[in-house]
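Trainee: Have a look at this fold, sequence not included:
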Ligand code: AMP
């Protein structure tokens, strides 16, 4: 794959595919601009090189229709503030208006095109739509890691039609942490996997068990494993149809000599609500009508010990229903433990990223991914379609 700094950008039209799918409140105020800030290294580099910058992205799920609330205009405004430079906003992402605006675009200037998903062709990876987008630029740079696990027109199809393409600095950084660092990790290498269901992360577990020295399983998914070990877990989120797979992973860990850690106590309640009556019980004592919604204090101590000795840690998924204060302690304690460890620490995006932000420890984590789905697919050992497209494009040229 080629990277942005291996391509001559001077005076050329350079189209960036970013993932500007940022959270907004009901008044279209951006509530977290991490994904916008993360693209500044690539943008500043291109502007310093004298490129004419064109930005494309999606936002939300307009399902092929123009939805005013999902316009990228607020993103253009925020980006303009961050870059301290005007960002022109087009009313569309292709067509005559865009072509006219592009003709006026000068080197060192930035123009943002409208939400790609206003066209249903985008998510269908439509060849004609890909060709239209490609016709607007000389160079294509994909820096949308958060969307790299999807095969869409703007990140896969387009690479068949552009003259030159490569990856931006954000893509490079994400691939470095989730690929290189985890392929040859400094050991002990510990993975912490939590979240709701085993079904969502089964492939990740199967892949990671071959690579790690220690595997910590928490969150709702731990209950399927505990059930596989013969514990009664009451109404906890266990997936009975996956008990055999859970047993396989437990056996695999024994064969490979991987230490597997499961919760030894948990916070239980009858309902998943903020004012629920809660109790802390050993795993052996979960009441039949109650459910485990967070790891307990003894588990926190155990997991802390494991984390303290790690040299590389990768973490995806909370330890409990962290959105509700009563069940958030386990996840917060893990954030602090990971943040204060002496390891290289890599956190997947999505919920885990929100949990880290909530505790104010973001600066103490080595790397927090901007793409939950994409980073999870890398942990599953999959090749991301957008990455494969960039590699093919570099090979073809
Ligand atoms: P995931 O998207 O798979 O990482 O799952 C994140 C979700 O898992 C969060 O919304 C949590 O509330 C939920 N979760 C974590 N632990 C539990 C649990 N013990 N029971 C039910 N849901 C849980």
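Mentor: That came through fine. Just so it is clear, the model here is predicted, and its values are computed rather than measured.
Trainee: On the three-state scheme, the residue in the chain that the ligand sits nearest to is what?
Mentor: For the chain, the nearest residue to the ligand under the criterion CB to the nearest ligand atom is residue 195, separated by 2.6 Å. Any C-beta I mention is one placed from the backbone N, CA and C, and that applies to glycine too. Taken by DSSP: H, G, I helix; E, B strand; the rest coil, the conformation at residue 195 corresponds to coil.
Trainee: quick one, what contacts it?
Mentor: Neighbouring residues of residue 195 by CB atoms under 8 Å, 6 or more residues apart in numbering: 201, 219, 220, 221, 316, 317, 318, 351.
Trainee: Just give the nearest non-adjacent residue to the last one, would you?
Mentor: Same thing as residue 351. residue 318 (5.4 Å; CB to CB, 6 or more residues apart in numbering).
Trainee: same check, this time on the second one
Mentor: Using CB to CB, 6+ apart and skipping the chain neighbours, the partner closest in space to residue 219 is residue 194 (3.1 Å).
Trainee: what's the one you found in contact with, if anything?
Mentor: Contacts of residue 194 by CB under 8 Å, 6+ apart are 217-222, 315-320, 331, 352.
Trainee: mind redoing it with 10 Å?
Mentor: 201, 216-222, 295, 315-320, 322, 330-331, 334, 351-352, 355 (CB atoms under 10 Å, 6 or more residues apart in numbering).
Trainee: still on that earlier bit, the residue nearest to residue 351 and residue 329 touch, don't they?
Mentor: No - using CB atoms under 10 Å as the test, residue 318 is too far from residue 329 to be in contact (11.2 Å).
Trainee: Need the overlap of contacts for those two.
Mentor: In contact with both residue 318 and residue 329: 294, 295, using CB under 10 Å, 6+ apart.
Trainee: Show me which of those two is the more surrounded one.
Mentor: residue 318 (29 against 18; other CB atoms under 10 Å).
Trainee: what's the pLDDT at that one?
Mentor: At residue 318, the pLDDT value in this model is 96.
Trainee: Residue 242 should be in a helix, yeah?
Mentor: Yes - under three-state DSSP, residue 242 sits within a helix.
Trainee: How about it: what's its closest non-neighbour residue?
Mentor: Per CB to CB, 6+ apart, closest to residue 242 is residue 198, 4.8 Å.
Trainee: The one you found: what's it in contact with?
Mentor: By CB under 10 Å, 6+ apart, the contact list for residue 198 reads 204-205, 217, 219-225, 228, 237-239, 241-243, 245-246, 249.
Trainee: again with residue 31
Mentor: So residue 31 contacts 22, 23, 24, 25 (CB under 10 Å, 6+ apart).
Trainee: Return the subset of those lying in helices.
Mentor: Among those, none falls in helices (DSSP state H).
Trainee: Taking those residues, please make a PyMOL selection of just the buried ones.
Mentor: Buried subset of these, written as a PyMOL selection, criterion 16 or more other CB atoms under 10 Å:
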select buried, resi 22+24
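Trainee: same for the ligand: which of the contacts of residue 194 are within range?
Mentor: 219, 220, 317, 318, 320, 351 (CB under 6 Å from any ligand atom).
Trainee: distance of the second one from residue 201?
Mentor: When you say that, I think you mean residue 220. 11 Å (CB to CB, to the nearest Å).
Trainee: what touches both of these two?
Mentor: Shared contacts of residue 220 and residue 201, counting by CB under 10 Å, 6+ apart, come down to 194, 195, 317.
Trainee: between those residues, which is closest to residue 178?
Mentor: In terms of CB to CB, no member of the shared contacts of residue 220 and residue 201 lies closer to residue 178 than residue 317, at 15.2 Å.
Trainee: need the contact list for the closest one.
Mentor: Applying CB under 10 Å, 6+ apart, the residues near residue 317 are 192-197, 200-201, 204, 217-221, 331, 348, 350-352, 355, 372, 376.
Trainee: Got the phi and psi for the closest residue to it other than its chain neighbours?
Mentor: Closest residue to residue 317 apart from its sequence neighbours, by CB to CB, 6+ apart: residue 195 at 2.9 Å. The phi and psi values for residue 195, taken as degrees, to the nearest 10, are phi 100, psi -170.
Trainee: next one: the helix or strand of the chain with the lowest mean pLDDT to chain centre, how far?
Mentor: Sorted by mean pLDDT, DSSP states H and E, the helices and strands of the chain end with helix 181-183, the least confident at a mean of 85. The chain centroid and the centroid of helix 181-183 are separated by 17 Å under CA atoms, centre = their mean, to the nearest Å.
Trainee: Flag every residue of the chain that's near the ligand.
Mentor: Residues of the chain lying near the ligand (CB under 6 Å from any ligand atom): 195-197, 200, 219-220, 237, 292-293, 317-318, 320-321, 323, 350-351.
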